[in-house]
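Novice: requesting a structural model of the entry that follows:
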Amino acid sequence: MNTASLFAVSELIKLCRPRIVTLEETDGLVRKKDSRQYFNALINMLTSLNFSVRWAILPLVEYGLPQTRKRLIVIASW
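Specialist: The predicted structure is shown next:
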């Protein structure tokens, strides 16, 4: 169900055609070997829609989030 919601974004992007897309996910999408294929597919989906993509794993506690876990931040623009 989580992966289905991750890729439902594609249809929304095609419909709305935003200039900037931001996504926030658990860092496990990059860190865990069995989830890496979903991360690669996400980046591929964004680049196939002609977006330039940047991503980073950030400790959002440094930005005011009360949780200490790290998060994956993806920013895509065209």
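
Novice: which secondary structure element contains Arg71?
Specialist: strand 70-77 (DSSP states H and E).

Novice: contact partners of the helix or strand bottoming out on mean pLDDT in the chain?
Specialist: Lowest mean confidence among the helices and strands of the chain (mean pLDDT, DSSP states H and E): helix 2-16, at a mean of 83. Taking CB atoms under 8 Å, 6 or more residues apart in numbering as the criterion, the residues outside helix 2-16 that touch it are Val21, Leu23, Glu25, Tyr38, Ala41, Leu42, Met45, Leu46, Leu49. Glycine gets a C-beta too; all of them are placed from N, C-alpha and C.

Novice: dump it to CSV, keeping only the CA atoms.
Specialist: The C-alpha coordinates for helix 2-16 follow below in CSV (Å, rounded to 0.1, in the frame of the first residue of the first chain):
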residue,chain,number,x,y,z
ASN,A,2,2.9,2.4,0.8
THR,A,3,4.5,1.8,-2.6
ALA,A,4,1.2,2.2,-4.4
SER,A,5,0.7,5.6,-2.8
LEU,A,6,4.3,6.6,-3.7
PHE,A,7,3.7,6.0,-7.4
ALA,A,8,0.1,7.4,-7.5
VAL,A,9,2.0,10.7,-7.5
SER,A,10,2.8,10.2,-11.1
GLU,A,11,-0.8,10.6,-12.3
LEU,A,12,-1.2,13.7,-10.1
ILE,A,13,2.0,15.3,-11.6
LYS,A,14,0.8,14.6,-15.1
LEU,A,15,-2.6,16.1,-14.4
CYS,A,16,-1.4,19.2,-12.4
